[in-house]
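Peer 1: give me the fold of what follows.
(chains A and B, ligands or ions: 2)
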Amino acid sequence: MKKMILLFVPLVLFAHIVGLKELVQTLFPLLVHKRIVKVYTSPSFFPLFDDNSTFVLVEECNQSDLVFGDINCSKPIFGLSYRFFSTHPNVIGAFYYRKGRPQLVIKMKSYEKYFGHLDPSLQRYAQ
Amino acid sequence: MNRIKFQYIFFAFAIFLGATIFLLYHNFLETEKYIQKLILQEDLRELRQTTDNIKRHLLRIIPPHIDFYTYLQTHPDVYKDIQKDLELFIIDKYKFIYLLEPVDKDRFRFLVDTSRNDRASFGELYTPLEPQEYHTLSPHYFFHKELKNIWLTYINPVVEHGKIKALIVIDFSLEQAHLIEKSLKTLENFLSGLILFLSGLIAIMVLFAYFDYKRERKMVQAYEKLEKLNKELEHRVEEKIKELRKKDAIILNQSKLAAMGEMINMIAHQWRQPLNAISVSAINMQIEANMGLSNPQSIEENAKMIQQQAQLMSRVIDDFMDYARPEKKKERFDVKEMVEEVLKMIEPQLKNHNISIVLDLAQDLYIESYKKDLEHVLLNLLSNARDALDECGKEPKKIIIKAYKEKDRIKIEVKDNGCGIPKHIQERIFEPYFTTKEQGKGTGLGLYMSRKIVREKLKGDLFFESFDTGTTFIIEL
Ligand SMILES: Nc1ncnc2c1ncn2[C@@H]1O[C@H](COP(=O)(O)OP(=O)(O)OP(=O)(O)O)[C@@H](O)[C@H]1O
Ligand SMILES: [Mg+2]
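Peer 2: Ligands and ions are numbered 1, 2, ... in the order given. Predicted coordinates for the structure are as follows:
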């Protein structure tokens, strides 16, 4: 069911800003292969991760499974711009808008380094 | 009836109005669609020209048989030039102009991007929302459903040997078209509002017309009912009139009979004396004969006497016959003479009743009228006066008959010095069959017939004044 939702994520996202919350809720456990994901992010994104059953917000980036946002950290990072995505070595994926269209990308090289095998449903976003 | 016709006209007008407005609205919708189509066509033509120009430019710069990505990667200066060139095409309506190269089913790669703030890097992977729209071998466009139709994406592919080398993509802003559309929409809303308002109005009007019609119907029905009632009433009145006429005829007959009775009475009165005289003569002759005293001279005397009396009686009959004959023609006569003729008939009787007559008759009072009828009325009044004087019993009994002219009108008064007509019966004495006299004596038709004759035939009037000192009946002609 969750995988099904993911297929429509870009559309859903576009229709609702709330969509970003659903995206991370579905996407992050799949990326990290964990039921509960420890996330480090800037306070402005806290509301996206207020679901206790999926996320634990950590106070230091080193304690996290995944960093959300264009934040410099030694842990795997899920970025929010193409520039960051294409330049930072720890970035495993990113979500940003290009020409008004939402873009979800996963950088296979760094992803595999951290998490190994990518879920088949996400294969189409890999590069 | 007229109003109902007016309602039909009104109804037709309302329908006509409604139809006209509907047609107008329909026409407007068509025009609106047409304008929108026209604007779109114009935009598409412009897009086609722009992208064709870009295509020509690219094909001139980039040599054939080599894919754009490889060529641009190895020729950064050409990449820069193309980017600058494409920037020249940017206008307000073109949100983004960029070159793509297909990678797989869903993904594409940016070759050149002219956008100022959302510029993609060379070779950046790109997932559009409707990837299937981009795999086209000929110019193609589509609307962005998710972007609420404010964008149109125009794609003009650069094709070589049936393979897409690059896609020239322009994200076209429909804002301007939408602005026009919006104002058209406002107009449409106004028109549909107007239609709604008018149909409401028409509905109300029709409703009013309906109620008015119903009320009208009710009125017509009520009117018809009234008419029926009226007819019935008319019928009844007619019937009543017929009945009255019949009654009148009966009354006339009765009054004639009464008059005849009166006449016989008077004749009897007038015959009593001559009959007595004849009887006396006959007895004389018998006595003389019995005593042997009869001689030719005395027989002749007696016979002469009898003859005289018989002649008198015959004249009396003649007089009354004359009076009884109906009269068809007016004649000119002297009122004084007329009164005297009447008196000739009734005076002996009055004398018998001990009633004295006083005459006060103007000279040469001529009138053109029905003489017999007038005599009849006068006779009636005189016999009433006689009865009243008898009934009252005051002595001496006196009847004054006056005839004179006053203000062009001739008046004949019959005045008695009886006891007057009691107040409570005064207004009833002209009613038919009203009488105070004992049965067999009065019919109560005398005054009724007299007034009828005076008013209807003689065109005059009959009225009275009554006090306890006597009553005066006045005939006014
Ligand atoms: N001169 C009068 N004085 C007093 N009463 C009168 C006089 N003339 C008429 N009346 C009253 O009016 C009534 C109606 O008179 P009318 O002549 O119509 O009928 P009548 O005399 O009673 O009957 P008819 O004339 O048919 O014999 C009389 O019965 C009488 O009471
Ligand atoms: Mg009378």
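
Peer 1: near ligand 1, which residues of chain B?
Peer 2: Residues of chain B found near ligand 1, taking CB under 6 Å from any ligand atom as the criterion, are B:258, B:384-385, B:388, B:416, B:418, B:421, B:429, B:434-437, B:442-448, B:471. Using the backbone N, CA and C atoms, a C-beta is placed for each residue, glycine as well.

Peer 1: could you flag which of these are buried?
Peer 2: Neighbour counting by 16 or more other CB atoms under 10 Å in any protein chain shown classes B:258, B:384-385, B:388, B:416, B:418, B:421, B:429, B:434-435, B:442-448, B:471 among those as buried.

Peer 1: just to revisit the earlier point, in helices only, show me the residues of chain B next to ligand 1.
Peer 2: When the residues of chain B next to ligand 1 are checked against helices (DSSP state H), the matches are B:258, B:384-385, B:388, B:446-448.

Peer 1: element containing the closest residue to chain A within the stretch 251-400 of chain B, please.
Peer 2: Of the residues in the stretch 251-400 of chain B, the one nearest chain A is residue B:251, at a distance of 110.5 Å by CB to the nearest CB. Here residue B:251 is covered by helix B:175-291, with elements defined by DSSP states H and E.

Peer 1: what does stretch B:404-418 contact?
Peer 2: Residues external to stretch B:404-418 that are found in contact with it (CB atoms under 8 Å, 6 or more residues apart in numbering or on different chains): B:335, B:339, B:360, B:362, B:365, B:367, B:374, B:378, B:381-382, B:385, B:388-389, B:391-392, B:394, B:397-403, B:460, B:469-477.

Peer 1: how far off centre is the helix holding residue B:251?
Peer 2: With CA atoms, centre = their mean, to the nearest Å as the basis, helix B:175-291 stands 18 Å off its chain's centre.

Peer 1: for that helix, packing partners?
Peer 2: Of the remaining helices and strands, those touching helix B:175-291 by 3 or more CB pairs under 8 Å, 6 or more residues apart in numbering or on different chains; DSSP states H and E are helix B:2-61, helix B:296-324, helix B:335-352, helix B:371-392, helix B:446-452.

Peer 1: which residues does residue B:451 contact?
Peer 2: Taking CB under 8 Å, 6+ apart as the contact definition, residue B:451 lies against B:430, B:462.

Peer 1: how close does it get to residue A:69?
Peer 2: As defined by CB to CB, to the nearest Å, residue B:451 lies at a distance of 130 Å from residue A:69.

Peer 1: now for the closest residue in space to residue B:94 that isn't next to it in sequence: which residues touch it?
Peer 2: Counting by CB to CB, 6 or more residues apart in numbering or on different chains, residue B:94 lies nearest to residue B:170, which is 5.3 Å off, once chain neighbours are set aside. Listed by CB under 8 Å, 6+ apart, the contact partners of residue B:170 are B:47, B:50-51, B:94, B:96-97, B:153-154.

Peer 1: tell me the one among these nearest to residue A:90.
Peer 2: Compare each of those with residue A:90 using CB to CB and the shortest gap goes to residue B:96, at 30.8 Å.

Peer 1: the closest one: which element?
Peer 2: Assigned by DSSP H and E, residue B:96 belongs to strand B:94-102.

Peer 1: which neighbours does that strand have in its sheet, and in what orientation?
Peer 2: Each strand pairing with strand B:94-102, determined using DSSP bridges, is listed with its direction: strand B:108-113 (antiparallel), strand B:163-173 (antiparallel).

Peer 1: would you mind finding the longest helix in chain A?
Peer 2: Longest among the helix segments of chain A by residue count, using DSSP H, is helix A:19-32.

Peer 1: elements contacting that one?
Peer 2: Partner elements for helix A:19-32 (3+ CB pairs under 8 Å, 6+ apart): helix A:2-7, helix A:9-15, strand A:37-41, strand A:55-57, strand A:66-68, strand A:91-98, strand A:101-106, helix A:108-115.

Peer 1: tilt between the third one and helix A:19-32?
Peer 2: What separates the directions of strand A:37-41 and helix A:19-32 is an angle of 130 degrees, with axes from the mean of the first three to the mean of the last three CA atoms, to 10 degrees.
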